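# Please work out how this folds:
(chains A, B, C and D)
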There are 2 protein chains.
Amino acid sequence: MDQSLRALGGKAKAASARPATWPGRFRNGIAPRRILQTGDHLFEAGDAQSDAFIVRSGHLKSYRVHRDGEEQILGMHGPGDVLGFDILIGRPASCSVVALEIASLELVDLGRGEVGDAGTAGYMSVLEGMYRELQRFSRLLYMDRHPAERRLAEFLLDFSREEGERGRSYYDLMLPFNRRDLACFLGLAPETLSRTFSRFQERGILSVDNREIHIIDNEALVAAAGE
Amino acid sequence: MDQSLRALGGKAKAASARPATWPGRFRNGIAPRRILQTGDHLFEAGDAQSDAFIVRSGHLKSYRVHRDGEEQILGMHGPGDVLGFDILIGRPASCSVVALEIASLELVDLGRGEVGDAGTAGYMSVLEGMYRELQRFSRLLYMDRHPAERRLAEFLLDFSREEGERGRSYYDLMLPFNRRDLACFLGLAPETLSRTFSRFQERGILSVDNREIHIIDNEALVAAAGE
DNA sequence: CGTATGTTTGATAGTTTTCAACTTCAGTGG
DNA sequence: CCACTGAAGTTGAAAACTATCAAACATACG
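Numbering: from 1, shown residues only, chains lettered A, B, ... in the order given. Modelled structure (predicted):
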């Protein structure tokens, strides 16, 4: 429980330019950074003494491991996403976050005690962030009840849109996740995911080379996503 | 997006006895009530001019209808749950809420503008409520990736625990939802749900008569839930 | 009663998982 | 330079699970 707080992320970015928007949120207006190498953990489930961060570059995944050893991936996080929700409300992390590639993160200092003092701006930002997160989960739940092709198509379109918004190509994608993680995130067996990629390639919708994906027929992909 | 805010609900209940816990949250300490008949809507997706409520008695469901006409049930709500999250943060309702039986609800007056003024108590309550909601969704996502038997077993154990916490029987359950709604909530076809009930009955785990469920072999049910 | 609605059951088709084998590729050491 | 090795990805065949279609059954209600 953390993540895609684009609303929060957006406001935080604005604040580093115009500190008045989010008074006292960043130390001296220059937020400390943290660099993670591939495989490094930002924090792990149970950690109580950490901080919240905004992703600046790179991708990370948040996950939990259940009693039976099963891994549940809760989210894939890229630039602009906020991680560390539990910490913001003073609870130990309910999930672990690990870097999938070299990642740069910026500290969010919501100094626990002063939340209510600084007016309603920070309050609303966090609330809206959580609200967006709820909507993300609600969407995941919805996706989970559709067949594999639709799930993958929706994911690729989401990822494509995000990459586009970050100024990169909509159609030439380099996935930061391996097959196993992506399969787990989509709730599929790795073999099923592989087969689905293959089928999309056979139909000329995608060109697939491991993590390098090219969207060839965007309309067909949108149709496969069913909306 | 609303619901199982047991944290929020709990505090609100305490507040009606000791208003100091949640200053100014209820009008004159006596919260206005609202009674819904079966099938009545509390609000519908898109409504902007509503309020947030705490369920006092009865059960309701929150749902959304997608473009393709598919219904997605986001939650089943009983006494203590809070409904109307979107409204609390000033957005139109993102889902509809309808009573599944006669229900009594109590108004939550978080008078939008004064959220930050009254100190951090209300702030933390809402945050914790949303946090619990995130955890509920995360659990739903997890459940959705298990086979039908396990899903039903987990649901029944959850429902049993909730009924027990409300002072009712853990083992003699009267479901407030019909098969179609429960199937939709669990992400199953109604026929699959019916068959799963039948199998549990054949194995002597449950006795099933439409909405009247008796848990006969609790250990076996726990085992079926896989934890 | 007759009708409408909700539930159960059976048969079948469709999808996904599982298990196993095979391929590819990067890294390693002879 | 090349064979060896292990991890990751792909493919095939069979099994497991679920949805769908159809029909029977039950119930409530006019």
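# What parts of chain A come near DNA strand C?
By the rule CB under 7 Å from any atom of the strand, the part of chain A lying against DNA strand C is A:147-149, A:187-189, A:191-192, A:195. In short, each C-beta sits where N, CA and C put it, glycine included.
# hmm, which of the residues you listed are the buried ones?
Listed as buried from the residues of chain A next to DNA strand C are A:148-149, A:187-188, A:192; burial here means 16 or more other CB atoms under 10 Å in any protein chain shown.
# Can you flag which of those belong to strands?
Among those, no residue falls in strands (DSSP state E).
# Identify, from those residues, the entry nearest to A:A225.
Set against A:A225, the nearest of these by CB to CB is A:E149 (8.8 Å).
# that older thread, from the residues of chain A next to DNA strand C, list the ones also adjacent to chain B.
A:G187 (CB under 8 Å from any CB of the partner chain).
# would TSV of the residues of chain A next to DNA strand C with distance to DNA strand D and pLDDT be doable?
Output for the residues of chain A next to DNA strand C, formatted as TSV (distance: CB to the nearest atom of the strand, whole Å; pLDDT from 0 to 100):
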residue	distance to DNA strand D	pLDDT
A:P147	9	97
A:A148	12	98
A:E149	14	98
A:G187	13	97
A:L188	11	97
A:A189	9	98
A:E191	4	98
A:T192	8	98
A:R195	5	98
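# Mind putting the residues of chain A next to DNA strand C into JSON lines with distance to A:Q201?
Conversion of the residues of chain A next to DNA strand C to JSON lines gives the following (distance: CB to CB, whole Å):
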{"residue": "A:P147", "distance to A:Q201": "18"}
{"residue": "A:A148", "distance to A:Q201": "15"}
{"residue": "A:E149", "distance to A:Q201": "12"}
{"residue": "A:G187", "distance to A:Q201": "22"}
{"residue": "A:L188", "distance to A:Q201": "17"}
{"residue": "A:A189", "distance to A:Q201": "19"}
{"residue": "A:E191", "distance to A:Q201": "16"}
{"residue": "A:T192", "distance to A:Q201": "15"}
{"residue": "A:R195", "distance to A:Q201": "11"}
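# So which of the residues of chain A next to DNA strand C belong to helices?
Counting by DSSP state H, these place A:148-149, A:191-192, A:195 in helices.
# For the residue nearest to the spatial centre of chain A, give its distance to A:A103.
Geometric centre of chain A, nearest residue: A:H77, 2.1 Å, by CA atoms, centre = their mean. Distance, A:H77 to A:A103, by CB to CB, to the nearest Å: 9 Å.
# and if you look at A:F197?
With distances taken as CB to CB, A:F197 is found 25 Å from A:A103.
# quick one, which of those two is more surrounded?
With neighbours defined as other CB atoms under 10 Å in any protein chain shown, A:F197 and A:A103 compare such that A:A103 has more, 26 against 19.
# Who are the contact partners of the more buried one?
Going by CB atoms under 8 Å, 6 or more residues apart in numbering or on different chains, A:A103 touches A:35-36, A:55-60.
# Same check on A:R199?
The contact partners of A:R199, taken as CB under 8 Å, 6+ apart, are A:E149.
# got it, and the one 4 residues further on?
Shown here is A:R203, whose contacts under the criterion CB under 8 Å, 6+ apart are A:217, A:220.
# Per-residue pLDDT of it, please?
With respect to pLDDT, A:R203 scores 97.
# Angles on the backbone of it, please.
With angles defined as degrees, to the nearest 10, A:R203 sits at phi -80, psi 0.
# Could you report the distance from it to A:N178?
Going from A:R203 to A:N178 by CB to CB gives 24 Å.
# swap in A:R64?
19 Å.
# Please say which of these two ends up with more neighbours.
Between A:R64 and A:N178, counted using other CB under 10 Å, A:R64 has the larger neighbour count: 17 against 13.
# what about whichever helix or strand the more buried one is part of, near DNA strand D?
Element membership for A:R64, per DSSP states H and E: strand A:60-65. No. Judged by CB under 7 Å from any atom of the strand, strand A:60-65 makes no contact with DNA strand D; its nearest approach is 13.6 Å.
# Just checking: what are the partner strands of that strand?
Its sheet considered, strand A:60-65 pairs with strand A:71-77 (antiparallel), strand A:96-99 (antiparallel) by DSSP bridges.
# Measure how the top helix by length along chain A sits relative to helix B:120-143, angle-wise.
Secondary structure of chain A per DSSP H: the longest helix is helix A:120-143. Put simply, helix A:120-143 runs at 20 degrees to helix B:120-143, going by axes from the mean of the first three to the mean of the last three CA atoms, to 10 degrees.
# Get me the contact residues on chain A for DNA strand D.
Neighbours of DNA strand D within chain A, by CB under 7 Å from any atom of the strand: A:178-180, A:190-191, A:193-195, A:197-198, A:208, A:210-211.
# Tell me how far the host helix or strand of A:E219 lies from the chain's centre.
Assigned by DSSP H and E, A:E219 belongs to helix A:218-225. Helix A:218-225 sits 23 Å away from the centroid of its parent chain (CA atoms, centre = their mean, to the nearest Å).
# got the end-to-end distance for stretch A:136-150?
With CA to CA, to the nearest Å as the measure, stretch A:136-150 spans 17 Å from end to end.
# In chain A, where is pLDDT below threshold?
Applying pLDDT under 70 to chain A flags the ranges A:1-31, A:109-124.
# just to revisit the earlier point, which helices and strands does the helix holding A:E219 pack with?
Where contact means 3 or more CB pairs under 8 Å, 6 or more residues apart in numbering or on different chains; DSSP states H and E, helix A:218-225 is packed against helix A:148-165.
# now the helix it packs on against strand A:71-77, angle please.
Using the same axes, to 10 degrees: helix A:148-165 against strand A:71-77 is 30 degrees.
# Could you quantify the relative orientation of helix A:148-165 and helix A:218-225 as an angle?
Interaxial angle, helix A:148-165 versus helix A:218-225 (the same axes, to 10 degrees): 130 degrees.
# Following element in sequence after helix A:148-165, please.
As assigned by DSSP H and E, the chain's next helix or strand after helix A:148-165 is strand A:172-174.
# residues of that next one that come out buried?
In terms of neighbour count (16+ other CB under 10 Å), strand A:172-174 has its buried residues at A:L173.
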